[in-house]
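**Q** build me a model from this:
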Amino acid sequence: MCAALDRLKQEGVQEGLEQGKLILIMNMLKKGMEVKDILYFAGVSEEEVEEAKKLLE
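**A** Numbers count the residues shown, from 1 in each chain. All right, here's what the predicted structure looks like:
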């Protein structure tokens, strides 16, 4: 049971990190940053930037 709880906790942490990264990308896009700069500074993929762009539309 302890292993299951640890796994759930890790999944929750990972989900939180992903949400935070998405918010960061969206904020950078709102400020008008270029995609190449977002890729560099946020350390994300082009697919993640495209996903964030879709959410802003």
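
**Q** what residues sit buried inside the helix or strand hosting Asn27?
**A** Asn27 is located in helix 2-30, with elements delineated by DSSP states H and E. Buried residues in helix 2-30, counted by 16 or more other Cβ atoms under 10 Å: Leu22, Leu24, Ile25, Met26, Met28, Leu29. Any C-beta I mention is one placed from the backbone N, CA and C, and that applies to glycine too.

**Q** tell me what the helix or strand of the chain with the lowest mean pLDDT is packed against?
**A** One helix or strand of the chain scores below all others by mean pLDDT, DSSP states H and E: helix 2-30, with a mean of 92. Counting by 3 or more Cβ pairs under 8 Å, 6 or more residues apart in numbering; DSSP states H and E, the packing neighbours recorded for helix 2-30 are helix 35-42, helix 46-56.

**Q** switch the ones you listed over to CSV; also include mean neighbour count and mean pLDDT.
**A** Listed next are those as CSV, based on neighbours: other Cβ atoms under 10 Å; pLDDT from 0 to 100:
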stretch, mean neighbour count, mean pLDDT
helix 35-42, 14, 96
helix 46-56, 13, 95
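
**Q** does Phe41 touch Ile25 like I think?
**A** No: contact status for Phe41 versus Ile25: not in contact, 10.0 Å apart, counting by Cβ atoms under 8 Å.
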